[in-house]
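Chemist: Return atomic coordinates for the entry below.
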Amino acid sequence: MTEDGMTNQSHLGFAPDRIDTSRPHPARMYDYYLGGNDNYAVDREAAERLMEIAPDVRTSARANRDFLGRAVRTVVREHGIRQIVDIGTGIPTSPNTHELARSVAPDVRVAYVDNDPIVSAHAGAKLVGAGNTEFVLADVREPETILEHQAIRELIDFDRPVALLLVAVLHFVTDEEDPARIVAALDAALPAGSCLVLTHGTSDFHARELVEEGTGVYEKATASVTLRRHAEILRLFEGYDLLDPGLVQLPRWRPDGPAPEPDEPRRVALYGGVGVKR
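Modeler: Purely as a prediction, here's the structure:
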């Protein structure tokens, strides 16, 4: 960390003023799935290729976005959360986390974290400009760097409950990089009563050949994808009590309207859940 409190970007392996447009980036591909414009031709080409292989990718992305809204409102309204650390923020897309939270409680503070410089480029106007928000350019793979960052420490009081958001980010962490270690390191900073909001891509609903072809698209991107089974994802909630209905496909988690028909969300290849730390 430098003297002014900013993370040493060379230590993380990228420079804050460098945007790589030579390879697809998952955050920019996700922006494209959601209908955004903050992406490049290389991102659109990769996203279109993936949608050819698995046409439900866009449906899954939108289901992930909808889950985020329901989960954030739940932890703020029902569990009194007034501080959020959102890691893997992605391209700002309204309603952003602070907008969702403040629709329930205007005093919620939000620290955004992402490793993509293009997200940082948008953060000043769309995220940090909202007040009581911060953005940190850092990588989920280095949780200690995130927790020690001066901007995080100045905004977030780790003696009070925090909502930790890991939404559609840990499937970009390989088994060798150990997502359980990352969650445990972040969890160590959180007091009892904190909430873990997590979604994760899964291979449970598609044929093996389709999964391999789809993950192959990300092999050419800046981050590969590791899809995991329900039991593997469930283990990431160790030390937390899951809120009903548990770890489920995203459309099944507290839908705003009537519960989906049994076969309706079968193609949404992400699980999601919210846990409260014991």
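Chemist: Residue 271 belongs to a helix, doesn't it?
Modeler: No: according to DSSP: H, G, I helix; E, B strand; the rest coil, residue 271 belongs to no helix; its state is strand.
Chemist: ok, it - contacts?
Modeler: For residue 271, the contacting residues are 199-200, 202, 230, 233, 247-250, by C-beta atoms under 8 Å, 6 or more residues apart in numbering. Bear in mind the C-beta positions are built from the backbone N, C-alpha and C, glycine included.
Chemist: Roughly how far does it sit from residue 231?
Modeler: Going from residue 271 to residue 231 by C-beta to C-beta, to the nearest Å gives 11 Å.
Chemist: that older thread, would you mind giving the contacts of residue 271 as a markdown table with secondary structure, pLDDT and neighbour count added?
Modeler: As requested, the contacts of residue 271 are exported to a markdown table (DSSP: H, G, I helix; E, B strand; the rest coil; pLDDT from 0 to 100; neighbours: other C-beta atoms under 10 Å):
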| residue | secondary structure | pLDDT | neighbour count |
| --- | --- | --- | --- |
| 199 | strand | 98 | 27 |
| 200 | strand | 98 | 27 |
| 202 | coil | 95 | 21 |
| 230 | helix | 97 | 15 |
| 233 | helix | 98 | 24 |
| 247 | coil | 98 | 20 |
| 248 | strand | 96 | 17 |
| 249 | strand | 95 | 23 |
| 250 | helix | 95 | 26 |
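Chemist: Residue 69 is in contact with residue 272, correct?
Modeler: No: counting by C-beta atoms under 8 Å, residue 272 sits too far from residue 69 to count as a contact (11.7 Å).
Chemist: closest to residue 120 among the contacts of residue 271?
Modeler: Set against residue 120, the nearest of those by C-beta to C-beta is residue 199 (22.7 Å).
Chemist: Could I get the contacting residues of the nearest residue to the closest one once chain neighbours are set aside?
Modeler: Excluding the flanking residues, the one nearest residue 199 by C-beta to C-beta, 6 or more residues apart in numbering is residue 272, at 4.0 Å. Counting by C-beta under 8 Å, 6+ apart, residue 272 touches 64, 67, 71, 167, 197-200, 247-250, 253.
Chemist: For residue 139, give its distance to residue 107.
Modeler: Residue 139 is 29 Å from residue 107, by C-beta to C-beta.
Chemist: Same drill for the two, tell me which one is more crowded.
Modeler: residue 139 (22 against 9; other C-beta atoms under 10 Å).
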